[in-house]
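Asks: My questions are about this predicted structure, shown below with the sequence.
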Amino acid sequence: MAYRNLSAFLKVLEEDGDLVRVRERVSARLEISEIADRAVKGGGPALLFENVEGSALPVAINVFGSRRRMRRALEIADWSEWDARLEFFLDPKPPEGILDKLRAIPKVTELAGVFPKTVKAGACQEVVATGDAVDLRELPVLTCWPQDAGPFITMPLVITRDAESGKTNMGMYRMQVFDRATTGMHWQKHKDGAGQARGYEREGRRMEVAVAIGCDPATVFSAIAPLPPGVSELLFAGFLRGEAVPLVRAKTVDLLVPAEAEIVLEGYVDPKERRREGPFGDHTGFYSLEDDFPVFHVTAITRREKPIYMTTIVGRPPMEDGFMGEAVERLFLPLVRKTIPEIVDMHLPVEGIFHNLMIVAIDKRYPGHARKTMHAIWGTGQMMFTKTIVVVDRGVDVHDMAEVAWRALTAIDPERDIEIVHGPVDELDFASRLACYGSKIGIDATRKWKEEGFSRPWPDAIEMSPEVKDRVDRLWPSLGISTVRRD
Ligand SMILES: Cc1cc2nc3c(=O)[nH]c(=O)nc-3n(C[C@H](O)[C@H](O)[C@H](O)COP(=O)(O)O)c2cc1C
Ligand SMILES: [Mn+2]
């Protein structure tokens, strides 16, 4: 059963002992950050701060901040179940055989009902403020880190419509609160929101924007899903939950917003306007320096009677967004394999902050295959930002960093096996010589072939013979050897 809204999910977490209500009075300035940081790094629960200085609203944070909560949020018990579901989503008429396998998965049969549906009224509009009544300062927006330029809304679902195609996009782009009715709009130039803004700029028109804060977890998660432009995040959310996301017409803009949201901000971005945004303690673990970004003018705030403000903090990994990134990795592997089928598995270690390091295992079939894979990754969607790609042969466990380091480092002749390219890099990369443009490296750590000019023999990795292992397994208990480390 899909979670109807944020509260429904928090209730399940609480019943499960995976949510703590903090009744102590705390400040949204730095204090909640420090508590949330310790909680996530210590494997702690989701947090609901009920007594926040200067605001009547409670703050929910760390809602996705563990593997278990992340899977719960998406109601996925096991990622292999997901593979089959996605297969169906991508190819609704699967060949016989697969169909039988899919029938075993309850949600698949309900696919027809996952398209967003419009409803007449929504809880997100129980209270409506427009004009002078709009005041963002009533929200407990966090100032996350000491050098931050101010409070930032960190988990907004930014909804916009393409000027030409009319298609809706929903992306998560942080928003610095400037004053009672204006914020920054930090959509980076490669993202769909920015792409749509360029359409309005060409037409010289204002762009209507609606921002939902706090929804059922699948809807929130969908805003970060790296879907191709034009593919609806709200449809994806419906697919993830196995149930349509109910949408309601916004009050002052011509956009549909999630009816069950806690809070909705309505307004516009004038494509010609820019304002200094930042610095902001970012998910790189460093501050993103100030820069010019579009401005969001809020014309209405609609909300529930008793809304919860949902937020997160980013910073030195591991953080809550690392668990979201990990879910993206698992969810999108089958999708990536549709276009780069040689990829058997992939891993983006959390220390690589998503775009700095990707390890892929491939089923190598022809000379130069590892390099082909690198270029395919650099040519696909948001994977274009990947600064380092390490390609290993299938059979190497890409999730085991000790194995990857051992295998990859023994397999390379650096001068021969490195591919360096130039191209777009993540806007948050501060080491590239130019903003958004720099170099990327690929390491071919596959076993080298004769056809690749390698004529020496390649040794097997050492492994004990199975018979001996079996015998020693049986003997082991009687040998009296303790292997508990005593250092
Ligand atoms: C907590 C969090 C904050 C994010 N903040 C931003 C941001 O400020 N700007 C941005 O361009 N992307 C940000 N992202 C990443 C985008 O949400 C992500 O790239 C998404 O796929 C963009 O959607 P789009 O492809 O429809 O543009 C953030 C992601 C997370 C998890
Ligand atoms: Mn998009």
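Replies: Perfect, thanks for sending it. Ligands and ions are numbered 1, 2, ... in the order given.
Asks: ok, what's across the strand from the residue nearest to residue 425 when sequence neighbours are not counted?
Replies: Spatial nearest neighbour of residue 425, excluding adjacent residues (Cβ to Cβ, 6 or more residues apart in numbering): residue 438 at 4.2 Å. The way it works is simple: take the backbone N, C-alpha and C, and place the C-beta from them, glycine included. Beta bridges link residue 438 to residue 423 when assigned by DSSP bridges.
Asks: Those residues of the stretch 151-300 of the chain touching ligand 1, which are they?
Replies: Contacts of the stretch 151-300 of the chain with ligand 1, taken as Cβ under 6 Å from any ligand atom, map to 154-155, 169, 171-174, 186-188, 191-193, 223-226.
Asks: do that again at 5 Å, thanks
Replies: Within the stretch 151-300 of the chain, the residues that sit near ligand 1 (Cβ under 5 Å from any ligand atom) are 169, 171, 172, 173, 174, 186, 187, 188, 191, 192, 224, 226.
Asks: for the last one, what are its contacts?
Replies: Taking Cβ atoms under 8 Å, 6 or more residues apart in numbering as the criterion, residue 226 is in contact with 328, 332, 381, 382, 383.
Asks: roughly how far apart are the second one and ligand 2?
Replies: Distance from residue 332 to ligand 2, counting by Cβ to the ion, to the nearest Å: 13 Å.
Asks: next one: the fourth one
Replies: Computed as Cβ to the ion, the residue 382 to ligand 2 distance reads 10 Å.
Asks: And what about the nearest residue to that residue once chain neighbours are set aside, helix, strand or coil?
Replies: Spatial nearest neighbour of residue 382, chain neighbours left out: residue 226 (4.2 Å); criterion: Cβ to Cβ, 6+ apart. Secondary structure, DSSP: H, G, I helix; E, B strand; the rest coil: residue 226 is coil.
Asks: got a pLDDT number for residue 226?
Replies: Note on residue 226: pLDDT of 96.
Asks: and the closest residue to ligand 2 within the stretch 51-200 of the chain, what does it touch?
Replies: Using Cβ to the ion, residue 192 is the residue of the stretch 51-200 of the chain that sits closest to ligand 2, at 3.6 Å. By Cβ under 8 Å, 6+ apart, the residues touching residue 192 are 169, 171, 229.
Asks: For the closest residue in space to it that isn't next to it in sequence, give me the pLDDT.
Replies: In space, residue 192 comes closest to residue 169 once its chain neighbours are excluded; the distance is 4.4 Å by Cβ to Cβ, 6+ apart. Per-residue pLDDT puts residue 169 at 98.
Asks: how about the strands in the stretch 51-200 of the chain?
Replies: Shown for the stretch 51-200 of the chain, the strands assigned by DSSP state E, counting those that start in this stretch span residues 59-61, 117-118, 127-130, 152-153, 156-161, 168-171, 175-179, 182-184.
Asks: Out of those strands, the one nearest residue 481 is which?
Replies: Closest of the strands of the stretch 51-200 of the chain to residue 481 is strand 59-61, at 47.3 Å (criterion: Cβ to Cβ).
Asks: What subset of the contacts of residue 192 is buried?
Replies: 169, 171 (16 or more other Cβ atoms under 10 Å).
Asks: where in the chain is pLDDT low?
Replies: For the chain, the stretches with pLDDT under 70 are 89, 91-111, 485-487.
Asks: before we move on, back to that, ok, the residue nearest to residue 425 touching residue 421?
Replies: No. Because the distance of 10.0 Å does not satisfy Cβ atoms under 8 Å, residue 438 is recorded as not touching residue 421.
Asks: Please say which of these two ends up with more neighbours.
Replies: Just comparing residue 438 and residue 421: by other Cβ atoms under 10 Å the higher neighbour count belongs to residue 438, 18 against 14.
Asks: For the more buried one, which residues are in contact?
Replies: Residue 438 touches 422, 423, 425, 429, 431, 432, counting by Cβ under 8 Å, 6+ apart.
Asks: Let's have these in CSV, adding neighbour count.
Replies: As requested, the contacts of residue 438 are exported to CSV (neighbours: other Cβ atoms under 10 Å):
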residue, neighbour count
422, 10
423, 13
425, 23
429, 19
431, 10
432, 17
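Asks: Now flag whichever of those is closest to residue 302.
Replies: Nearest to residue 302 out of the contacts of residue 438 is residue 429 (Cβ to Cβ; 37.1 Å).
Asks: Go ahead and confirm the closest one touches residue 354.
Replies: No. With contact defined as Cβ under 8 Å, residue 429 and residue 354 do not form a contacting pair (11.6 Å).
Asks: quick one: terminal-to-terminal distance for stretch 380-394?
Replies: 21 Å (Cα to Cα, to the nearest Å).
Asks: how about it: buried residues?
Replies: Buried, per 16+ other Cβ under 10 Å, within stretch 380-394: 380-387, 389-393.
Asks: Only alpha carbons, please: show stretch 218-238 as PDB.
Replies: C-alpha atoms of stretch 218-238 as PDB (Å, rounded to 0.1, in the frame of the first residue of the first chain):
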ATOM      1  CA  ALA A 218       8.300   8.100  -3.300                       C
ATOM      2  CA  THR A 219       7.200  11.500  -4.700                       C
ATOM      3  CA  VAL A 220      10.000  13.300  -2.800                       C
ATOM      4  CA  PHE A 221      12.500  10.700  -4.100                       C
ATOM      5  CA  SER A 222      11.300  11.000  -7.700                       C
ATOM      6  CA  ALA A 223      12.400  14.700  -7.800                       C
ATOM      7  CA  ILE A 224      16.100  13.500  -7.700                       C
ATOM      8  CA  ALA A 225      15.600  10.700 -10.100                       C
ATOM      9  CA  PRO A 226      17.900  11.400 -13.100                       C
ATOM     10  CA  LEU A 227      15.200  10.800 -15.700                       C
ATOM     11  CA  PRO A 228      15.700  11.900 -19.300                       C
ATOM     12  CA  PRO A 229      14.100  15.300 -20.100                       C
ATOM     13  CA  GLY A 230      10.500  14.900 -20.900                       C
ATOM     14  CA  VAL A 231      10.000  11.800 -18.800                       C
ATOM     15  CA  SER A 232       7.600  12.700 -16.000                       C
ATOM     16  CA  GLU A 233       8.900  12.400 -12.500                       C
ATOM     17  CA  LEU A 234       5.300  12.400 -11.200                       C
ATOM     18  CA  LEU A 235       4.500   9.400 -13.400                       C
ATOM     19  CA  PHE A 236       7.700   7.700 -12.100                       C
ATOM     20  CA  ALA A 237       6.500   8.500  -8.600                       C
ATOM     21  CA  GLY A 238       3.200   6.800  -9.300                       C
END
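Asks: looking at the strands of the stretch 51-200 of the chain, which is closest to residue 208?
Replies: Closest to residue 208 of the strands of the stretch 51-200 of the chain, according to Cβ to Cβ: strand 156-161, at 7.0 Å.
Asks: That concludes my questions; thank you for your assistance.
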